[in-house]
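*Asks:* got a predicted structure here, sequence first:
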Amino acid sequence: MPLVPARILRNPVTGYVQVDDGGMGQPGPVGTSEPVDPRKPDIKYLRIPPGEQGTFVTLKLMKKIVLGPWGHRHPDVVLLARQITSKTSPGLKKDYEAMADAVFKFAKANVPYRLDPAGLEWLQTPVYTLWGDNGKPVPADCDDHAILIASLAMALGLQAAFRTVRGKGGGRWVHVYAVIGWTKAGKTTWKSADSTQRRSTLGWDPPEASANGMKTWVIDPTLEEDREWET
């Protein structure tokens, strides 16, 4: 199968990653990028391989968005995360599970689900997902919901991860969602946060996750970019 060319754009108005089949079909790194202009998106051209390696590359791009300037450290994302959780831990003692649940419920209630355009893998920054439609949330698929929840959680000092789920019979990866973690008294707790499913609650995993296979990828900002990251 040919490699797929991709275009990445990141800015507060048009923050997304677009992966499209442009018929290039030539393997190897691109090694070229447009000059950075603060008035325009930062554009780079990548090729994403098919199969397992393609999933891994996509997850790394998602991680980059979470840890990038339009992710968990963007001032508006931090402020919103604090507003969402303002009633969960009003004192010095933090209720981490309540904070995680508030983030999960916010994304589920406020960000509509939508599929990617045909033939594209489309990734949005949290800033674009939250305010890209004239200040209102932009519809998002499972990748974007996972990026948003991970960013809001990490903006609060919580831990975050992506969990991928295989299709029927243990085939290719077909779904991804966020997992939120926190450490208390030396013990780390992880709770699934799949905000794209109607029946989901914090801690719920889709039945096919255990039936078909799943993998959790912890978003650790201290890891080198080219090092594999998973639990």
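*Replies:* That came in fine, so what should we check first? Numbers count the residues shown, from 1 in each chain.
*Asks:* so the residue nearest the centre of the chain is in which element?
*Replies:* For the chain, I147 is the residue whose C-alpha lies nearest the centre (CA atoms, centre = their mean; 2.0 Å). Element membership for I147 (DSSP states H and E) is helix 142-155.
*Asks:* tell me the helix or strand right after that helix.
*Replies:* The helix or strand immediately downstream of helix 142-155 is strand 159-166, counting by DSSP H and E.
*Asks:* can you tell me the SS state at E97?
*Replies:* For E97, the assignment made with DSSP: H, G, I helix; E, B strand; the rest coil gives helix.
*Asks:* show me the contacts for it.
*Replies:* Applying CB atoms under 8 Å, 6 or more residues apart in numbering, we find E97 in contact with 182, 189, 191, 202. For glycine as for every other residue, the C-beta is placed from the backbone atoms N, C-alpha and C.
*Asks:* swap in T196?
*Replies:* Shown in contact with T196 (CB under 8 Å, 6+ apart): 113, 141-142, 145, 177.
*Asks:* in the top strand by length along the chain, what's buried?
*Replies:* Counting residues, the longest strand found in the chain (DSSP state E) is strand 173-184. Judged by neighbour count (16 or more other CB atoms under 10 Å), strand 173-184 contains these buried residues: 173, 175-182.
*Asks:* so what strands line up beside it?
*Replies:* Neighbouring strands of strand 173-184 in its sheet, by DSSP bridges, are strand 159-166 (antiparallel), strand 187-193 (antiparallel).
*Asks:* can I get these in JSON lines including mean pLDDT?
*Replies:* Converted to JSON lines, the strands paired with strand 173-184 look like this (pLDDT from 0 to 100):
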{"stretch": "strand 159-166", "mean pLDDT": "94"}
{"stretch": "strand 187-193", "mean pLDDT": "96"}
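*Asks:* wait, which of these is closest to T216?
*Replies:* Among the strands paired with strand 173-184, the nearest to T216 by CB to CB is strand 159-166 (4.8 Å).
*Asks:* and the contacts of the closest one?
*Replies:* 55, 59, 62-63, 66, 146, 149-151, 153-154, 172-183, 188, 190, 192, 205-206, 208-209, 212-219, 231.
*Asks:* next, count neighbours for T216.
*Replies:* Using other CB atoms under 10 Å, T216 has 14 neighbouring residues.
*Asks:* go ahead and confirm it touches V179.
*Replies:* Yes. Here T216 reaches V179: they are 6.0 Å apart, a contact under CB atoms under 8 Å.
*Asks:* overlap in contacts of those two?
*Replies:* Contact with both T216 and V179 is made by residues 161-163, 190, according to CB under 8 Å, 6+ apart.
*Asks:* selecting buried members of these in PyMOL, what would you type?
*Replies:* In PyMOL, a selection of the buried entries from the shared contacts of T216 and V179 looks like this (16+ other CB under 10 Å):
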select buried, resi 161+162+163+190
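*Asks:* just give me the closest of the shared contacts of T216 and V179 to L123.
*Replies:* Closest to L123, out of all of the shared contacts of T216 and V179 and judged by CB to CB, is F162, at 11.9 Å.
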